[in-house]
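mind looking at a prediction? Sequence and model below.
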Amino acid sequence: MSKRICLLLWAVALLLAPGCAPGGAAGEELTLWFAVDQSQQGVSSALATQPYEGEGTVPALVQALLAGPEPGAGLTNAIPAGTRLLDWRVEGTVAYVDLSQPYGDLTGMALTLADYCLALTLTQLEGVEQVSVTVNGSPPPDRTGRLFSADDVVFSGVEEEPVELSAALYFRRAGTQELGYELRVFLLTEHDDPALAVLEALLGGPQDEGLEPVLPQGLEVRSARVENGVCRVDFSHRLLERIPAGQQEQELVIDSIVNTLCSLDTVDGVQLLVEGTVLEEYGSLHLDGPQPEPA
């Protein structure tokens, strides 16, 4: 696929306000999360909060989000106008929210921002740790049933100005021999390596329902660096200890790594290594040099 990673030049300083952590304690002040109007001069964040004084329930908070931010606050609503709350429930630590079709028209980063506004807002409620968002009873087109939490936004180097990076991570579609992808958002500083951060998330497995991990459990990334468009990734020997049977299964493993890394703007190909040695064969596959970006 074409590059699906978009390195946004939004210097995001998203310091979680008190009460925004999952399962906020009763009595803590609630806030609403909205997108920041990027047309303003001097914008330094992607999301920001607005005080909320209404009822501390799922439907009340969602309705307040749908109503949008206060005029003149420099905020915009990441949720499309005309979106309605169709249904909601809380089961265990998960708040399930079903919205009307305008929400289903969102894709990519716009959908991610809207999802985070809902998750960051609703996980302030006591006992709510994750949020599931559906449209007319089904996940939005870019989602396969993912549960969101406030911890999905990774804050790295809060004392510095992080840059927001969204990445497409490739996993197996459950019950098939095909890959699907899910979008993740990372906040990285200049000291963080985007390729390493994305690979670590890939090794951690999928969050979306309907996707399954492809890479062997216990695999570690020894190093990852990008030079002249080629990402050289050195894996632990576990990659060779757990080679799946069959060429198609082996291709899934390699493609999962290559497709994920090549979605980064800076990566056009991937050179695989194991314990410092270039990987020339993987099962029945012959890896002739750096694996190119998929068409």
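Received the coordinates, thanks.

find the centremost residue of the chain, please.
Centrality entry for the chain: nearest residue to the mean C-alpha point is Arg184, 1.6 Å, by C-alpha atoms, centre = their mean.

for the stretch 151-295 of the chain, which segments count as helices?
Under the criterion DSSP state H, counting those that start in this stretch, the stretch 151-295 of the chain contains helices at 194-204, 238-241, 247-262.

buried stuff in the last one?
If I follow you right, that is helix 247-262. Judged by neighbour count (16 or more other C-beta atoms under 10 Å), helix 247-262 contains these buried residues: 250-262. (C-beta placed from N, C-alpha, C; glycine too.)

ok, now stretch 116-136?
Result for stretch 116-136 [16+ other C-beta under 10 Å]: buried residues 116-125, 128-135.

do a quick rundown of the helices in the stretch 1-150 of the chain.
58-67, 108-122.

which one is Gly68 nearest to, not counting chain neighbours?
Nearest in space to Gly68, with sequence neighbours left out and distances taken as C-beta to C-beta, 6 or more residues apart in numbering, is Asn77 at 4.2 Å.

residues near the one you found, how many?
By other C-beta atoms under 10 Å, 17 other residues sit near Asn77.

one more: Ala201?
Ala201: 18 neighbours (other C-beta under 10 Å).

surely it and Val185 touch.
No - Ala201 is beyond contact range of Val185, at 10.2 Å (criterion: C-beta atoms under 8 Å).

joint contacts of the two?
Ala167 (C-beta atoms under 8 Å, 6 or more residues apart in numbering).

give me every residue that touches the residue nearest to the centre of the chain.
Asp152, Ser166, Ala167, Leu169, Val198, Ala201, Gln207 are the contacts of Arg184 under C-beta under 8 Å, 6+ apart.

quick one, which of those are buried?
Asp152, Ser166, Ala167, Leu169, Val198, Ala201, Gln207.

what sits against the third one?
It stands for Ala167. By C-beta under 8 Å, 6+ apart, the contact list for Ala167 reads Ile5, Leu183, Arg184, Val185, Phe186, Pro194, Val198, Ala201, Thr260, Ser263, Leu264.

now with 10 Å?
4-7, 181-186, 194-195, 197-199, 201-202, 260-261, 263-264 (C-beta atoms under 10 Å, 6 or more residues apart in numbering).
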